[in-house]
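> Show me the folded form of this:
(one chain, ligands or ions: 1)
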Amino acid sequence: MPALRNDAPAFLQRMARQYGDVVYLPTAGQQVYFFSHPDAVRDVLVTQQHKFKKSRMLERARVLLGDGLLTSEGALHLRQRRLVQPAFHRDRLAGYAATMVQRAQAACERWQPGQTIDMSQEMMHLTMDLVSRTLFSAEVEAEADEIADALNGVFGLFDMILLPFSEYLEKLPLPAMRRFHAARARLDATIYRLIAEHRARGVDQGDLLSMLLLAQDEDTTGMSDTQVRDEVLTLFLAGHETTANALTWAWYLLSQNPQAAARMHAEVDQAGALSMDSLPALPYTGAVFSEALRLFPPAWAIGRRALEDVEISGCAVPKGCVVLLSPYVTHRDPRWFAEAESFQPERWLTPDDSRPKSAYFPFGGGARVCIGERFAGAEGVLLLATIARRWSFALLPGHPVERKAQITLRPKFGMKMTISARKKYVY
Ligand code: HEM
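Sure thing, here's the model as predicted:
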């Protein structure tokens, strides 16, 4: 347990190396089967996905997220997925992409040559800013700040809700719990106000919230305010920290691999005005983002609970047991990736047909695959490209870089980096 708590991804990697593709972990109160072979990944996420539900961590997340996409199950999940999907349609992404470029430019304006920043915090602010603008068209700085502030209040305390036995802690009048409930009430008030304003305007503002309010299926009149609130919070939570971490690790990897950074800089300098249409002109930048997601997948573990007895890769998993998959471990397996521990964006430039498809699954797979995959892909590439035109980053000498695996895979001590100006670029 201490090893698992200390550095869970490294612990799981050691277990897989030592014991193979199936590892049985009888941890406190839970029987966990950890699978690392791509065939098992496909079985759990795709072919036999109906035999599983989400694991305890996501069940606990319902305290905050209600019945949003990430936490709902069965028929409700299917219906919500159908209703939310159009908000991520290709046509809508072009609008979001313009906001991504514009906000990344605004972040670039704030930095000074020689300044030291915590890249992790900068990327968190930027992705939070982006998600509030793409969700709510929050044009006014004060409004974006108000949303970000209310969200930070809740997310800062959210890890506590996921602790073992937190269902009991929650019932006690502990100061931290009281703070969590107060922060959640404040956040709800903000979100319900924005929903009411959007409903009153009654027009499509081109943002995600408009899409959620317009969404209807054959047999209903659309989502209730509570359902919209749950989806909005889910998109906030699922959509900002994941991308921020992926980008932070990408900047770190670039700082350690100057040749890759030089190749990316050369590409972004040539790409012209940046928009959704620029993505085909940025293959190497895309490869940098994919490779960062391979080495540091923000969703480093994906858990499920068996609803019935099930056989995965020849191993019998009894009903009620937990099945664990880890993109972190499978992505670093030398059977699927040559020189698996090293950063080589080039590997994504030519398709490798010999590699099983499920050997790479930073966005999960099957019916519960990340709904924001294309959004995140565009965001990753456009933010890297916009920022790399203007600045380059070096890790502050002596800054310790370690993983901290909570819900997402973060740098434990942040990521202190020093900024240098590249040429003056006119956007
Ligand atoms: C690099 C960034 C991202 C990564 C690595 C990532 C990863 C994932 C993964 C692995 C899952 C599946 C979890 C499971 O099966 O238990 C997931 C689900 C989800 N993600 Fe993402 N995500 C990212 C960005 C986003 C963004 C930008 C959004 C929205 C704006 C988003 C919204 C969601 C939602 C709503 C789900 C639940 C989908 C469902 O169950 O139907 N994600 N994500």
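> same question for whichever strand or helix holds Ile195, mean pLDDT?
Assigned by DSSP states H and E, Ile195 belongs to helix 175-201. For helix 175-201, mean pLDDT is 84.
> contacts for the next helix or strand after it?
Moving toward the C-terminus from helix 175-201, the next helix or strand (DSSP H and E) is helix 208-214. If you take CB atoms under 8 Å, 6 or more residues apart in numbering as the criterion, helix 208-214 is touched by 83-84, 86-87, 92, 134-137, 194-195, 198-199, 203-204, 222-223, 228, 231-232, 235. Just so you know, the C-beta spots here come from the backbone N, C-alpha and C atoms, and that holds for glycine as well.
> same thing but at 6 Å, please
The contact list for helix 208-214, computed with CB atoms under 6 Å, 6 or more residues apart in numbering, reads Pro86, Ala87, Thr134, Leu135, Phe136, His198, Asp204, Val228, Glu231.
> Number of residues surrounding whatever residue of the stretch 251-400 of the chain ends up closest to the ligand?
Going by CB to the nearest ligand atom, the ligand is nearest to Gly372 of the stretch 251-400 of the chain, at 2.2 Å. Around Gly372 there are 21 other residues, counting by other CB atoms under 10 Å.
> Could you do Pro258 as well?
As a burial measure, Pro258 scores 11 neighbours (other CB under 10 Å).
> Val41 too?
For Val41, the neighbour count with other CB under 10 Å is 27.
> Please look at it and Pro356 and confirm they touch.
No - the pair Val41 and Pro356 fails to qualify as a contact (CB atoms under 6 Å) at a distance of 8.5 Å.
> which residues touch the residue of the stretch 251-400 of the chain closest to the ligand?
By CB under 6 Å, 6+ apart, the neighbours of Gly372 are Gly239.
> measure it to Leu208 for me?
Distance, Gly372 to Leu208, by CB to CB, to the nearest Å: 10 Å.
> can you pull the contacts of Ala281?
Applying CB under 6 Å, 6+ apart, we find Ala281 in contact with Ala271.
> er, Met100 I mean
Leu130, Glu379, Leu382.
> again, 7 Å this time
Leu130, Ala378, Glu379, Leu382, Leu383 (CB atoms under 7 Å, 6 or more residues apart in numbering).
> Which one of these is nearest to Pro258?
Relative to Pro258, the closest of those is Leu383; by CB to CB it sits at 20.3 Å.
> avg pLDDT for the helix or strand that Gly286 is a member of?
Using DSSP H and E, Gly286 sits within helix 283-295. On average, the pLDDT along helix 283-295 is 98.
> What is that helix packed up against?
The contact analysis (3 or more CB pairs under 7 Å, 6 or more residues apart in numbering; DSSP states H and E) places helix 283-295 against helix 225-256, helix 258-270, helix 373-390.
> Format those as a markdown table; extra columns: mean pLDDT.
Listed next are the helices and strands packed on helix 283-295 as a markdown table, based on pLDDT from 0 to 100:
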| stretch | mean pLDDT |
| --- | --- |
| helix 225-256 | 93 |
| helix 258-270 | 96 |
| helix 373-390 | 96 |
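> got a markdown table for the ones you listed, with distance to Pro351 too?
What follows is the helices and strands packed on helix 283-295, written out as a markdown table (distance: least, CB to CB, whole Å):
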| stretch | distance to Pro351 |
| --- | --- |
| helix 225-256 | 21 |
| helix 258-270 | 19 |
| helix 373-390 | 17 |
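> quick one: which of these is nearest Trp111?
Judging the helices and strands packed on helix 283-295 by CB to CB, what sits closest to Trp111 is helix 373-390, at 8.3 Å.
> Could you export the closest one as PDB, CA atoms only?
Extracted in PDB, the C-alpha atoms of helix 373-390 (Å, rounded to 0.1, in the frame of the first residue of the first chain):
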ATOM      1  CA  GLU A 373     -10.900  13.900 -27.600                       C
ATOM      2  CA  ARG A 374     -11.000  16.000 -30.700                       C
ATOM      3  CA  PHE A 375     -11.500  19.200 -28.600                       C
ATOM      4  CA  ALA A 376      -8.400  18.300 -26.500                       C
ATOM      5  CA  GLY A 377      -6.400  17.300 -29.600                       C
ATOM      6  CA  ALA A 378      -7.100  20.700 -31.300                       C
ATOM      7  CA  GLU A 379      -6.500  22.500 -28.000                       C
ATOM      8  CA  GLY A 380      -3.100  20.800 -27.400                       C
ATOM      9  CA  VAL A 381      -1.800  21.500 -30.900                       C
ATOM     10  CA  LEU A 382      -3.100  25.100 -31.200                       C
ATOM     11  CA  LEU A 383      -1.800  26.100 -27.700                       C
ATOM     12  CA  LEU A 384       1.600  24.500 -28.300                       C
ATOM     13  CA  ALA A 385       1.900  26.200 -31.700                       C
ATOM     14  CA  THR A 386       0.600  29.700 -30.600                       C
ATOM     15  CA  ILE A 387       2.900  29.800 -27.600                       C
ATOM     16  CA  ALA A 388       6.000  28.200 -29.300                       C
ATOM     17  CA  ARG A 389       6.000  30.900 -31.900                       C
ATOM     18  CA  ARG A 390       6.700  33.500 -29.400                       C
END
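> and the angle from it to helix 225-256?
Helix 373-390 and helix 225-256 meet at an angle of 40 degrees, taking axes from the mean of the first three to the mean of the last three CA atoms, to 10 degrees as the criterion.
> Could you spell out the sheet neighbours of the very next helix or strand once past helix 373-390, each with its direction?
Proceeding N to C from helix 373-390, the next assigned helix or strand is strand 391-395, under DSSP H and E. Here strand 391-395 is paired, per DSSP bridges, with strand 416-421 (antiparallel).
> can you give me the mean pLDDT across the partner strand?
According to the model, strand 416-421 has a mean pLDDT of 96.
> And the most centrally placed residue in the chain, how close does it get to Ser313?
Nearest to the geometric centre of the chain sits Thr242, at 2.5 Å (CA atoms, centre = their mean). Applying CB to CB, the value for Thr242 to Ser313 is 28 Å.
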